[in-house]
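Novice: A predicted structure for the sequence below; I have some questions about it.
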Amino acid sequence: MYGASSNSQAYLGRGVTNERPGAPSRHPVDQLIRELIDSRRAATPDEVARIVERMAVAPFDPEIVPVRLKDRGIVYQQRALTNRASSLFYHLVKRVIVEQQWSEGTTESDYLHDIRDAIRNQPARLVVYRRHGGAVAAVCAPNTVVALRRGPEEHPWIFVIYSADRGVIVSGYQVSSLNTVSIPEDRQWLL
């Protein structure tokens, strides 16, 4: 899966339904997110539940991404960051080694479990907006990461970003408050 473009393959059953390179996801919930952003109408409770569930089961971005020069050479779990890395591994390294939000020893699976738990957490806040022209849904939820996986720079909230155009989670990180997250002013809060 890593190394493949999320826009060039259909990950049927995994949530990504882009069958044409560059085409937005045709999954009904991703279409719903884009429609809510464009129409600015209020979402029904059922629609909110469908969005939360879609986000919670979506794969993490499978792209191979460029690694910032300052992060190259960092070794985690016997793997070194070079000029490119899987998006999931690079995010994990940033959260564990660079930002120290999660403790050393946290695996990709642990990290994914924690951000998926945050998505489903009540009382999570759900917001939709456009960023760089793309449709986004994001959740901000209380940090419920188990004590064993909390790093020395843990924060009380977890913010998870989902691309409705690509049908993937693109980031998840801890924040001190919702005010520290860059969200466009024209955002629409659903929860």
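Specialist: Now that the structure is in, tell me what you want to look at. Source: prediction; values computed, not measured.
Novice: Residue 99: neighbouring residues, count only.
Specialist: Around residue 99 there are 15 other residues, counting by other Cβ atoms under 10 Å. In this view, the C-beta of every residue, glycine as well, is placed from N, C-alpha and C.
Novice: Next one: it from residue 180, what distance?
Specialist: The gap separating residue 99 from residue 180 is 13 Å, by Cβ to Cβ, to the nearest Å.
Novice: do the same with residue 140
Specialist: Shown here: residue 140 relative to residue 180, a distance of 10 Å by Cβ to Cβ.
Novice: of those two, who's got more company?
Specialist: Regarding residue 140 and residue 180, a neighbour count based on other Cβ under 10 Å identifies residue 140 as having more, with 20 against 10.
Novice: Next, that one: secondary structure please.
Specialist: Here residue 140 is strand, with the state taken from DSSP: H, G, I helix; E, B strand; the rest coil.
Novice: I'd like the numbering to begin with 58 instead of 1 from here.
Specialist: In the new numbering, first residue 58, that becomes residue 197.
Novice: In contact with it, which residues?
Specialist: Contacts for residue 197 were tallied using Cβ atoms under 8 Å, 6 or more residues apart in numbering; they are 181, 182, 184, 214, 215, 216, 232, 235, 238.
Novice: hmm, try it at 7 Å
Specialist: Contacts of residue 197 were listed using Cβ atoms under 7 Å, 6 or more residues apart in numbering, and they are 181, 182, 214, 216, 235, 238.
Novice: now residue 123
Specialist: The neighbours of residue 123, taking Cβ under 7 Å, 6+ apart as the test, are 140, 141.
Novice: can you check residue 131 too?
Specialist: When contacts are counted by Cβ under 7 Å, 6+ apart, residue 131 is found next to 138, 150, 154.
Novice: what about the first one, distance to residue 153?
Specialist: What that stands for is residue 138. If you measure residue 138 against residue 153 using Cβ to Cβ, the figure is 12 Å.
Novice: Looks to me like residue 226 is in a strand.
Specialist: Yes. With the criterion set as three-state DSSP, the secondary structure at residue 226 is a strand.
Novice: Can you tell me the number of residues neighbouring the nearest residue to it once chain neighbours are set aside?
Specialist: Setting aside the residues directly before and after it, residue 226 is nearest to residue 117 in space (Cβ to Cβ, 6 or more residues apart in numbering), at 4.9 Å. Residue crowding around residue 117 was assessed by other Cβ under 10 Å; the count is 22.
Novice: dump the residue contacts of residue 117.
Specialist: Residue 117 makes contact with 144, 145, 169, 225, 226, according to Cβ under 7 Å, 6+ apart.
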